[in-house]
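Asker: here's a sequence, model it:
(one chain, ligands or ions: 1)
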Amino acid sequence: MSNIAQQISGVAAHIEQAKLILKKNDLGGYTVPTHGLYPFQWNWDSAITALGWMMFDEARAWKEIELLLSGQWDNGMIPHVLFHKDSDTYFPGPDVWGSHLKLKSTSISQPPVLASAIKIMVEQCQDKDLLKQNLAQFLPKLIEYHLWWYRERDPENTGLVVSYHPWESGMDNSPAWDDALAAVPAVTWEYQRRDLNHIDSSQRPKKKEYDRYLYLVEFFKNNQFDSEKIYANCPYKVNDIGIISILHKATKDLLSVCASVNLQDDALDILEQKVKLTESAINQLWCENDQFFYNRDVITKQLCRVKTNGSLLTLFAELADQKQAIALKDLSTSWLSASAYAVSSTHPDSELYEPQRYWRGPVWLHINWMIALGLEAYNYPQLSEKIKNSSLALINKSGYFEYFNADTGEGCGGGDFSWTAAIALYWLL
Ligand code: GLC
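Answerer: Below is the predicted model:
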């Protein structure tokens with residue numbers, strides 16, 4: 001076979017494998033991230049996975065979103081995990097979270113990339129009748145979800161929403177949260193982690209972190225999920241630059257989808273104002289000295305000065321001005337060359353960098369996808385392409401893992417992972 005023919009058959013095989021992974025992880029309308037380790041429906045995983053389904057099964061793609069929205073709380077929140085069916089392979093389950101709803105769920109959310117995924121799906125789908133039916137059902141719910149973020153997580157109208165749990169960031173064990181999390185009390189009761197039954201402990205968070213994750217889970221339950229009480233007293237409150245960026249981008253995408261179907265709703269004016277407010281507030285997170293956007297501990301008012309890739313999502317959100325964008329593009333270039341493959345979750349020069357431990361160094365494909373889109377938006381197509389190719393090289397080397405060791409490219413965490421397959425499908429198709 002010629003070299004080109006080999007490459008083509010390689011790509012075709014990757015596409016087939018990625019489709020098989022989504023089908024294998026399909027539990028009848030929703031897709032688990034991977035069996036065993038994550039046996040439920042996760043919020044941002046599902047949004048990204050729907051994009052993958054969209055490449056070969058439109059009806060199934062919309063179904064993914066329908067089921068995710070079915071877990072929406074009355075106040076508009078879409079939870080980070082929906083416990084559709086019981087499973088004994090995961091901890092903490094619904095009993096620990098204490099959610100009172102019919103469909104059991106966690107009581108926090110996750111980065112709201114959903115509306116951005118939907119905007120892409122709207123652009124790519126062929127079946128316009130199916131699209132129309134689904135949008136009519138989804139848009140009011142999405143608007144409620146975005147209003148929830150701004151109302152409940154920014155009650156003082158600062159333009160910068162707060163997050164109450166490292167798990168809400170989706171970047172659970174990032175060193176950016178270390179100081180803020182250290183100030184949270186630890187639980188003193190015994191519990192049995194299930195993640196360590198599936199994955200080596202060198203790739204997972206430590207007990208001291210888990211003790212505090214669980215304290216926060218109980219704190220929400222003990223406060224009856226009351227937004228005012230939690231906002232006033234939560235021992236962990238962070239302006240997460242990743243969430244802020246993804247929310248900002250998704251709100252703009254939601255407004256654009258609503259405009260494309262001529263949807264009229266007073267709530268859209270509120271969302272327009274929130275977009276402007278965030279644009280005027282974002283520089284509070286910019287450190288001129290380091291030429292970088294940081295996360296901020298809202299309680300101590302200190303920036304969390306660790307270089308993590310969530311900050312590069314300001315490019316995805318187009319929140320960086322031209323000067324900031326140049327600084328972030330230069331940094332992305334050197335970040336990429338300091339790594340063996342794509343952009344690692346923590347900068348390799350950081351003393352907190354660990355190439356294999358969960359969010360402290362490894363590479364995640366969906367984050368690289370968003371960074372690549374951001375660089376494209378700022379007109380850096382070559383760098384964007386480089387990030388895409390170095391990400392795909394990881395799949396070539398190791399397959400469809402949850403994340404990859406940033407130094408060796410070895411697959412880490414769960415195998416046959418849905419969002420890795422979905423991003424590959426999106427890129428390859
Ligand atoms: C881990 C990740 C989180 C993801 C979940 C399911 O908790 O940190 O971002 O949503 O796994 O894949």
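Asker: can you pull the residues of the protein lying near the ligand?
Answerer: Contact residues, the chain versus the ligand (C-beta under 6 Å from any ligand atom): 33, 38, 42, 44-45, 170, 172. For every residue, glycine as well, the C-beta is placed using N, CA and C.
Asker: keep only those of these that are in helices.
Answerer: The helices, defined by DSSP state H, take in 44-45 from the residues of the chain next to the ligand.
Asker: neighbour-wise, which of the residues of the chain next to the ligand leads?
Answerer: Neighbour counts for those peak at Asp45, which has 29 neighbours (criterion: other C-beta atoms under 10 Å).
Asker: so what's that one closest to, chain neighbours aside?
Answerer: Pro33 (4.7 Å; C-beta to C-beta, 6 or more residues apart in numbering).
Asker: part of a helix, is Tyr231?
Answerer: Yes: assessed with DSSP: H, G, I helix; E, B strand; the rest coil, Tyr231 lies in a helix.
Asker: that one: how many residues sit nearby?
Answerer: Around Tyr231 there are 18 residues (other C-beta under 10 Å).
Asker: check Ser201 too.
Answerer: Residues near Ser201, counting by other C-beta under 10 Å: 12.
Asker: from Thr188, how far off is it?
Answerer: As judged by C-beta to C-beta, to the nearest Å, Ser201 and Thr188 stand 21 Å apart.
Asker: and Tyr403, its phi and psi?
Answerer: phi -150, psi 180 (degrees, to the nearest 10).
Asker: wait, it touches Gly409, no?
Answerer: No: with contact defined as C-beta atoms under 8 Å, Tyr403 does not count as touching Gly409 (10.9 Å).
Asker: more neighbours, the two?
Answerer: A side-by-side neighbour count of Tyr403 and Gly409, using other C-beta under 10 Å, places Tyr403 first with 26 against 21.
Asker: find the nearest non-adjacent residue to that one, please.
Answerer: In space, Tyr403 is closest to Pro362, 4.2 Å off (C-beta to C-beta, 6+ apart).
Asker: got a list of what that neighbour touches?
Answerer: 203, 344-345, 355-356, 403-406, 412-413 (C-beta atoms under 8 Å, 6 or more residues apart in numbering).
Asker: one more time with 6 Å, if that's ok
Answerer: 345, 403-404, 406, 412 (C-beta atoms under 6 Å, 6 or more residues apart in numbering).
Asker: Lys252 too?
Answerer: With C-beta under 6 Å, 6+ apart, Lys252 has no contacts at all.
Asker: ditto for Lys229
Answerer: By C-beta under 6 Å, 6+ apart, the neighbours of Lys229 are Asn223.
Asker: could you do Asp195 as well?
Answerer: By C-beta under 6 Å, 6+ apart, the contact set of Asp195 is Arg204.
Asker: try it again at 10 Å.
Answerer: 36-38, 89-91, 201, 203-205, 210, 358, 413-414 (C-beta atoms under 10 Å, 6 or more residues apart in numbering).
Asker: do the same with Tyr215
Answerer: Tyr215 sits in contact with 181, 184-188, 235-236, where contact means C-beta under 10 Å, 6+ apart.
Asker: what strand or helix carries it?
Answerer: Secondary structure from DSSP states H and E places Tyr215 in helix 207-222.
Asker: could you dump the residues of the chain next to the ligand into TSV and include pLDDT?
Answerer: What follows is the residues of the chain next to the ligand, written out as TSV (pLDDT from 0 to 100):
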residue	pLDDT
Pro33	98
Tyr38	96
Trp42	98
Trp44	98
Asp45	98
Gly170	98
Asp172	96
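Asker: between the residues of the chain next to the ligand, which is closest to Leu103?
Answerer: Set against Leu103, the nearest of those by C-beta to C-beta is Trp42 (14.3 Å).
Asker: which element, helix or strand, includes Glu16?
Answerer: Going by DSSP H and E, Glu16 is part of helix 3-24.
Asker: picking that back up, out of the contacts of Asp195, which are buried?
Answerer: With burial judged by 16 or more other C-beta atoms under 10 Å, the buried subset of those is 36-38, 90, 203-205, 210, 358, 413-414.
Asker: could you measure from Phe401 over to Asp26?
Answerer: Phe401 is 19 Å from Asp26, by C-beta to C-beta.
Asker: kindly report the same for Leu315.
Answerer: 33 Å.
Asker: okay, these two: which has more neighbours?
Answerer: The neighbour comparison of Leu315 against Asp26 (other C-beta under 10 Å) goes to Leu315, with 28 against 18.
Asker: A helix includes that one, no?
Answerer: Yes: in this structure, Leu315 lies within a helix as judged by three-state DSSP.
Asker: that one is in contact with Ile387, isn't it?
Answerer: No: using C-beta atoms under 10 Å, Leu315 is not in contact with Ile387, being 11.0 Å away.
Asker: what sits in contact with each of the two?
Answerer: 332, 371-376, 380.
Asker: so what pLDDT did the nearest residue to Asp127 once chain neighbours are set aside get?
Answerer: In this structure, Asp127 finds its nearest non-sequential neighbour in Glu58, 5.3 Å apart by C-beta to C-beta, 6+ apart. Looking at Glu58, its pLDDT reads 98.
Asker: what is the burial count for Glu58?
Answerer: 18.
Asker: which neighbours do Tyr403 and Gly409 share?
Answerer: Residues touching both Tyr403 and Gly409 (C-beta under 10 Å, 6+ apart) are 363, 394.
Asker: picking up where we left off before, pipe the residues of the chain next to the ligand into a markdown table and attach distance to Gly76 per row.
Answerer: Converted to a markdown table, the residues of the chain next to the ligand look like this (distance: C-beta to C-beta, whole Å):
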| residue | distance to Gly76 |
| --- | --- |
| Pro33 | 24 |
| Tyr38 | 25 |
| Trp42 | 19 |
| Trp44 | 17 |
| Asp45 | 20 |
| Gly170 | 19 |
| Asp172 | 24 |
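Asker: okay, helices next: where are they in the stretch 201-350 of the chain?
Answerer: 207-222, 227-233, 241-260, 266-281, 313-316, 322-338 (DSSP state H, counting those that start in this stretch).
Asker: closest residue of the stretch 101-250 of the chain to the ligand?
Answerer: In the stretch 101-250 of the chain, the residue that lies nearest the ligand is Gly170 (3.5 Å; C-beta to the nearest ligand atom).
Asker: mind listing what that residue touches?
Answerer: 42-45, 80, 109-111, 113, 163, 240, 242-243, 246, 310, 359, 364, 366-367.
Asker: cool, and Glu318?
Answerer: By C-beta under 10 Å, 6+ apart, the neighbours of Glu318 are 245, 248-249, 252, 279, 325, 374, 377-378.
Asker: that's all I had, so thanks and see you.
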